[in-house]
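I would like the atomic coordinates for the input below:
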Amino acid sequence: MSRRWPSARARSSRFAEHQPYFAEEELLDRKVVVLCNVKMVKVMRLRSTGRILQVTDDKGKVELLCPSPEAEVGERVYASGEEMQEPVTAIQMKKNKVWETVCKDIKTNNKCEVMYRDRFVVRSRTGPVWAESLKKVLVTK
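Below is the predicted model of the structure:
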């Protein structure tokens, strides 16, 4: 993430609504995975059309999802072995409950890689999406 978002989308995460789990310094210039084309909401006086994806364990520890270090900013992620679909609009996301349908099947494995349906690695074209240390936990926004 960067402070310099002149034409970029505003992004938020549900953790920003409750308490700051991360210091600003931990987020600046860090690559994260963002769920885009969601309904615009105001979070901390900021209009957001994307949500930063994270994992949380049962003790409340929160970690951001990270793309491979070589991934380019704005690069799409997908489940390997699945056909990459065209992006859906915010209206389609809400109407068809896309996130609500797929999120139940997205979690980290024993290597902290993000998996879809326990068999497809979620990845960019340069490598897998991963969490720092949390294993076998669901991905949330």
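
Between the two ends of stretch 129-140, how far is it?
14 Å (CA to CA, to the nearest Å).

average pLDDT for that stretch?
For stretch 129-140, mean pLDDT is 96.

May I see the buried residues of it?
129-131, 134, 137, 139-140 (16 or more other CB atoms under 10 Å). Quick note: C-beta positions are derived from backbone N, CA and C, even for glycine.

center of the chain, which residue is that?
residue 53 (2.6 Å; CA atoms, centre = their mean).

for residue 124, what are its contacts?
67-68, 71-72, 75-77 (CB atoms under 8 Å, 6 or more residues apart in numbering).

same deal with residue 134?
55-57, 61, 63, 108, 112.

Out of these, which is nearest to residue 41?
residue 56 (19.5 Å; CB to CB).

so who does the closest one touch?
Applying CB under 8 Å, 6+ apart, the residues near residue 56 are 62-63, 134, 137, 140.

May I see those residues arranged in a markdown table, with distance to residue 94 as well?
Below are the contacts of residue 56 laid out as a markdown table (distance: CB to CB, whole Å):
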| residue | distance to residue 94 |
| --- | --- |
| 62 | 25 |
| 63 | 27 |
| 134 | 28 |
| 137 | 26 |
| 140 | 17 |
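
among these, which are in strands?
Among these, the members found in strands (DSSP state E) are 62-63, 140.

can you tell me which of those residues lies nearest to residue 86?
residue 140 (24.6 Å).

what bridges to the closest one?
residue 54 (DSSP bridges).

Look up how far residue 102 lies from the nearest residue in space to residue 104 that is not next to it in sequence.
Distance criterion CB to CB, 6 or more residues apart in numbering; nearest residue to residue 104, sequence neighbours excluded, is residue 138 at 7.5 Å. The gap separating residue 138 from residue 102 is 11 Å, by CB to CB, to the nearest Å.
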